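Using only what follows, build the 3D model:
(one chain, ligands or ions: 1)
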Amino acid sequence: MRHRLEKLQKEALEKILSANDLKTLAAIETQFLSRKSELISVLRGVKDLPAADRPMIGQLANTIRGQIQAQLNKKKSSLESGRDSFAVDASLPGQEPDRGYLHPLSQFMRRVIRIFHSMGFEVVEGREVENTEYNFELLNIKADHPARDLWDTFYVEAPDKKNTDELVLRTHTSPAQIRAMETRRPPIRLIVPGRVFRHEATDASHEATFYQCEGLVIGQGVAVSDLIGTLKLFLQELFGQSVQIRLRPEYYPFVEPGMDVDMRCLICKGEGCSVCRRRGWLEMLGSGMVHPQVLQNMNLDPRRYSGFAFGLGIDRLMMLFHGIDDIRASFVNDFRFLHQFTQR
Ligand code: FA5
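Residues are numbered from 1 along each chain as shown. Predicted coordinates for the structure are as follows:
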């Protein structure tokens, strides 16, 4: 009997919900609440039920009758007033709302920051729109220096529309090294996470906007071995396993010597794929010992102080970390991709 009543209840409420006019609503009322309706016959027959069942069945049938009547009245008034605001049925099970979460790149950047923080690095913010002086000159990249070609630069029109070549979307996080040293003295150990921009064609491992994390350590007696040890420790902490890296001499005007660090491609396990351009290795970061001229630009005496710097490619590290085979996946807002990273 209980089962039958619940079935009637469900049927009646569904019909009321989908009714679009008063005529249909009247028919529903007749079907479920008229003297001859099944529900009312049940109520009338309660007295004939076994004594043990009477209270429960009587109460249930009465509740259902009240509920159907209430919903009919509500729907009737909304149809009469011309706006059907009946769509919410509080008795139906709820739907979990689609809650927001951090973009996978933000989550990954936080992971990187946590590791450096635990290694004693201060976290500093840089500027996305930079002066060419900081983006280039103070980093030892003069106006006519061929190294400017290394970074395909977006120039930004200054608000007063004069000096249009003065502002750029920073091409790397390195200018923040100089800015940070304007207000600090050694010993220092800092990172600058942030977004950078380059006017370049995209492919599986290149984007026109991506994220870097700059690192800068300056003190007395800081050596190349400190740089290598720091980077190895960081990568080990990040990947939780010993990863294979290789160092390649590389030219950056603001370091001497300079080197790139490649990591064995974890997508293809070194066999060669589109991400590593069939090389089995993927360039993860540029680094080196801070150039004496740059130390001077920071008002530091190169005979007294030395330091190292590095610029991590965050997007590429994330690709190897999660096994993502195309850097562009981060920027197309495809929920099938984003929903795989729902950690909040
Ligand atoms: C630089 O940007 C230097 N500022 C790094 C540096 C800092 C060197 C401090 C020495 C001392 P590079 O252009 O190689 O260097 O970029 C650094 C890293 O960013 C690369 O190793 C790579 O992981 C990543 N990267 C570079 N270009 C792209 C791109 N188009 N898309 C995605 N990641 C990129």
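
Tell me the residues of the protein that contact the ligand?
172, 174, 198, 200, 206-207, 210, 212, 252, 255, 258, 283-288, 309-311, 313, 315-316, 327 (C-beta under 6 Å from any ligand atom). Bear in mind the C-beta positions are built from the backbone N, C-alpha and C, glycine included.

Quick one: mean pLDDT over the longest helix belonging to the chain.
Ranked by number of residues, the top helix in the chain under DSSP state H is helix 54-80. The average pLDDT for helix 54-80 rounds to 90.

Could you shift the numbering so residue one becomes 4, and keep it that way?
Sure, I'll start counting at 4 from here, so that last one is helix 57-83.

list the buried ones in that helix?
Neighbour-count burial for helix 57-83, counted by 16 or more other C-beta atoms under 10 Å, picks out 60, 63-64, 67-68, 71, 74-75, 78-79, 82.

now stretch 210-222
Buried residues in stretch 210-222, counted by 16+ other C-beta under 10 Å: 210-211, 213-221.

taking those as a set, which two sit the farthest apart in space?
Farthest pair in these (C-beta to C-beta) is Ala211 and Ile221. Separation: 31.7 Å.

Near the residue in the stretch 204-347 of the chain that the ligand sits nearest to, how many other residues are there?
Nearest residue of the stretch 204-347 of the chain to the ligand (C-beta to the nearest ligand atom) works out as Gly316 at 1.9 Å. Around Gly316 sit 23 other residues, with neighbours defined as other C-beta atoms under 10 Å.

my read: it touches Phe213, true?
Yes. Between Gly316 and Phe213 there is a contact under C-beta atoms under 8 Å: 6.8 Å.

So what's the residue count around Leu141?
Around Leu141 there are 21 residues (other C-beta under 10 Å).

Just the pLDDT for it.
At Leu141, the pLDDT recorded in the model is 95.

if I pick it, what's in contact with it?
Listed by C-beta atoms under 8 Å, 6 or more residues apart in numbering, the contact partners of Leu141 are 178, 181, 297, 300.

any idea how far it is from Ala22?
For Leu141, the distance to Ala22 equals 73 Å [C-beta to C-beta, to the nearest Å].

hang on, the earlier thing: what about the contacts of Leu141, which one has the most neighbours?
Compared across these, Pro178 has the highest neighbour count, 27 neighbours, by other C-beta under 10 Å.

wait, isn't it in contact with Tyr137?
Yes. Between Pro178 and Tyr137 there is a contact under C-beta under 8 Å: 3.8 Å.

residues of the helix or strand harbouring Gly232 that come out buried?
Using DSSP states H and E, Gly232 maps to helix 227-242. When burial is assessed from 16+ other C-beta under 10 Å, helix 227-242 yields the following buried residues: 229-231, 233-234, 237-238, 241.

same check, this time on stretch 38-57
Applying 16+ other C-beta under 10 Å to stretch 38-57 flags 40, 42, 45-46, 49 as buried.

If we only consider the residues you listed, which is nearest to the ligand?
Leu42 (67.5 Å).

Taking helix 57-83 as reference, get the angle to whichever strand or helix holds the closest one.
Assigning secondary structure by DSSP H and E places Leu42 in helix 41-48. Here the directions of helix 41-48 and helix 57-83 differ by 150 degrees (axes from the mean of the first three to the mean of the last three C-alpha atoms, to 10 degrees).

can you give me the offset of the longest helix of the chain from its chain's centre?
Centroid separation for helix 57-83 versus its chain: 48 Å, with C-alpha atoms, centre = their mean, to the nearest Å.

Repeat that for stretch 32-46.
With C-alpha atoms, centre = their mean, you get 56 Å for stretch 32-46.

Tell me how many other residues surround Leu323.
Neighbour number of Leu323 under other C-beta under 10 Å is 21.

meant to ask about Gly197
Gly197 is flanked by 20 other residues according to other C-beta under 10 Å.

just checking, it is part of a helix?
No. Gly197 is assigned strand when assessed by DSSP: H, G, I helix; E, B strand; the rest coil, not a helix.

Low-confidence regions, the stretch 204-347 of the chain specifically.
Residues of the stretch 204-347 of the chain that meet the criterion pLDDT under 70 lie in 346-347.

Return the list of strands paired to whichever helix or strand comes after the helix holding Gly232, each annotated with direction.
Downstream of helix 227-242, the first helix or strand assigned by DSSP H and E is strand 248-252. Using DSSP bridges, strand 248-252 pairs in its sheet with strand 258-267 (antiparallel).

list the helices and strands whichever helix or strand comes after the strand it pairs with packs on?
Next in sequence after strand 258-267, counting helices and strands by DSSP H and E, comes strand 284-293. On a contact count with 3 or more C-beta pairs under 8 Å, 6 or more residues apart in numbering; DSSP states H and E, strand 284-293 meets strand 212-222, helix 227-242, strand 258-267, strand 309-316, helix 317-325.

partner residues bridging the residue lying closest to Pro189 once chain neighbours are set aside?
Nearest residue to Pro189, sequence neighbours excluded (C-beta to C-beta, 6 or more residues apart in numbering): Ile221, at 4.5 Å. Beta-bridge pairing for Ile221 (DSSP bridges): Ile191, Gly310.
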